[in-house]
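Student: Make a model of this:
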Amino acid sequence: MLILKSYTVGDLQVKAYLIGCPETREAMFIDPAGDETRLAEEIKKQGLHLKYIVNTHGHPDHTLGNAGLKALTGAIVLMHEADDMLFRTKEAEALFRSWGFGLSVPSDAHIKEGDKIQVGTLSFKVLHTPGHSPGSICLYGHGHVITGDTLFVGAAGRTDLIGGSLDTLIKSIKQQLAVLPDETVVLPGHDYGDTPTSTIGREKRENPFLS
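Tutor: Alright, predicted model coming up:
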C-alpha cells in the first residue's frame, strides 16, 4: 500500500510523482520540474513530510523545481553522480541557457545502481539506465517503475543530447526494464503515449525499443 499522486508541471509538461508511506507519512517527490508552491501545498494536503527529492536524470526540465521545493520542505536532493557532474560543465550550462533554463542546485547525495531509497516502510530500488543521459535512473518498487525519460508509453527517450547513446539506451531498457514482471506499472516522465501509464508486459508486446 502506498500513496501515489502524479502532477504535470513546468513548460515541458514533465510528469512529477509524489510517493508517500501511509503509515509514517514520509514521502519523496520524483522530478519536481516546476510549480514548487503548488507541489508543496499538495504535500501538506496529503499530510506528508517530504524526505527526498529524487531526479531520474539531470536535464533541467526535470530538475527545475529542486531549489524551490527544497527551500519549502527541507528535503534532500538525490541524483546519480554521472548527471550531477556532467550537467555542471560549461558545455551543458550553455546548452541549458539556450533552452531558457538555468542549472539545478547540486544534489545533496548521489544514488547508484542497486541503492534502496527508503520512505517510511516503502523501499524503491535504483536501476541505473544510461542512454538518454549517462546518469539516468529508474525507481522500482511496490509494483511500479518510474522511468523518467528512459522509457515512455510506446517509445523511449531521445539520445541526441550531451552524453546520450541509442545503443546504451536500448541495452538499459532490455537489461533493466524488460526483465521486470509483466504487471509492473510504468510511470513515465512525460505523457507522450496513448495512455498516461502502461505496464512492462504491454511495452514488451508493443514498444519497438523492447522488441
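Student: how many neighbours does the closest residue to residue 63 other than its chain neighbours have?
Tutor: Leaving out its chain neighbours, the residue that sits closest to residue 63 by CB to CB, 6 or more residues apart in numbering is residue 104, at 3.6 Å. Bear in mind the C-beta positions are built from the backbone N, C-alpha and C, glycine included. For residue 104, the count of nearby residues is 23 (other CB atoms under 10 Å).
Student: Is it correct that residue 104 falls within a strand?
Tutor: No: per DSSP: H, G, I helix; E, B strand; the rest coil, residue 104 lies outside any strand segment and is coil.
Student: Tell me how far it lies from residue 130.
Tutor: Plainly put, residue 104 is 19 Å away from residue 130 if you go by CB to CB, to the nearest Å.
Student: Low-confidence stretches in the chain?
Tutor: Counting by pLDDT under 70, the chain has low-confidence residues at 102.
Student: which residue is nearest the centroid of it?
Tutor: Centroid-nearest residue in the chain, with CA atoms, centre = their mean: residue 56, separated by 3.0 Å.
Student: ok, and that one, which helix or strand is that part of?
Tutor: Taking DSSP states H and E as the definition, residue 56 sits outside all helices and strands.
Student: Likewise for the one 5 residues further on?
Tutor: Using DSSP H and E, the secondary-structure element containing residue 61 is helix 60-63.
Student: where exactly do the helices run in this protein?
Tutor: Under the criterion DSSP state H, the chain contains helices at 36-45, 60-63, 66-73, 81-86, 90-98, 166-172, 200-206.
Student: just how off-centre is the longest one within its chain?
Tutor: Read that as helix 36-45. Offset of helix 36-45 from its chain centre (CA atoms, centre = their mean, to the nearest Å): 18 Å.
Student: How about stretch 17-24?
Tutor: In terms of CA atoms, centre = their mean, the centre of stretch 17-24 is set 16 Å apart from its chain centre.
Student: picking up where we left off before, residues near the nearest residue to the residue nearest to the centre of the chain once chain neighbours are set aside, how many?
Tutor: Of all residues not flanking residue 56 in the chain, residue 148 sits nearest, at 2.6 Å (CB to CB, 6+ apart). By the criterion of other CB under 10 Å, residue 148 has 28 neighbours.
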